[in-house]
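Engineer: Have a look at this fold, sequence not included:
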């Protein structure tokens, strides 16, 4: 696309030189005018864009991560949108969850957050949290996740987390074993969403 733009206009753009945070680009995305835009032209993404109403880059990071099997099956999509639009208060399943989830309004969206929850809520070591991350991405992840379930429940209840809350958190972790993004991946994809949106708009 950059080569075509240069060929037809004589103007050379790169990912680094595209104007950042252009309001008209976000206006276009809020209208779900995203056919041909990397990552956000599926029906599910086009249905979410007018509800999420992205107005800055990090909103695109969230948009990319939100419409994935993990957050969908973990019940993250609708609560996040309601909180983002001020229709639901930001709450946390337990006070120990706040450091990991503050940035995403109390809703887990990224693999790194789930690893941090395992450390903060259940006392996992960083090595155990990495085992959890590997289990989330493994083809045989259901079996591996079950092996970590007892460890998570025991660690969480040992830190004063009610069993019901521990199980609710575990269900969100287990949902990510069906596919959720690391935040770094979402950031990279969001940059290409913005760039392809800018090119579509202009």
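Structural biologist: Received it, and whenever you're ready, just let me know what you need. Since we're looking at a predicted model, the values are computed, not measured.
Engineer: C-alpha only now, for contacts and for neighbours.
Structural biologist: OK.
Engineer: Show me how far stretch 101-114 is from its chain's centre.
Structural biologist: What separates the centre of stretch 101-114 from the centre of its chain is 8 Å, taken as Cα atoms, centre = their mean, to the nearest Å.
Engineer: neighbours around the closest residue to residue 119 other than its chain neighbours, how many?
Structural biologist: The shortest distance from residue 119 to any non-neighbouring residue, by Cα to Cα, 6 or more residues apart in numbering, is to residue 125 (6.1 Å). By the measure other Cα atoms under 10 Å, the count of residues near residue 125 is 14.
Engineer: and residue 125, what pLDDT?
Structural biologist: The model reports residue 125 with a pLDDT of 96.
Engineer: which residues does the residue positioned nearest the centre of the chain contact?
Structural biologist: Residue closest to the mean C-alpha point of the chain, counted by Cα atoms, centre = their mean, is residue 65 at 3.0 Å. Going by Cα atoms under 8 Å, 6 or more residues apart in numbering, residue 65 touches 71, 109, 110, 180, 181, 183, 186.
Engineer: Check the gap between it and residue 72 for me.
Structural biologist: Residue 65 sits 10 Å away from residue 72, going by Cα to Cα, to the nearest Å.
Engineer: go on, residue 143?
Structural biologist: From residue 143 to residue 72 the distance is 21 Å (Cα to Cα).
Engineer: who has more neighbours, these two?
Structural biologist: Taking neighbours as other Cα under 10 Å, residue 143 and residue 72 compare with residue 72 leading, 20 against 11.
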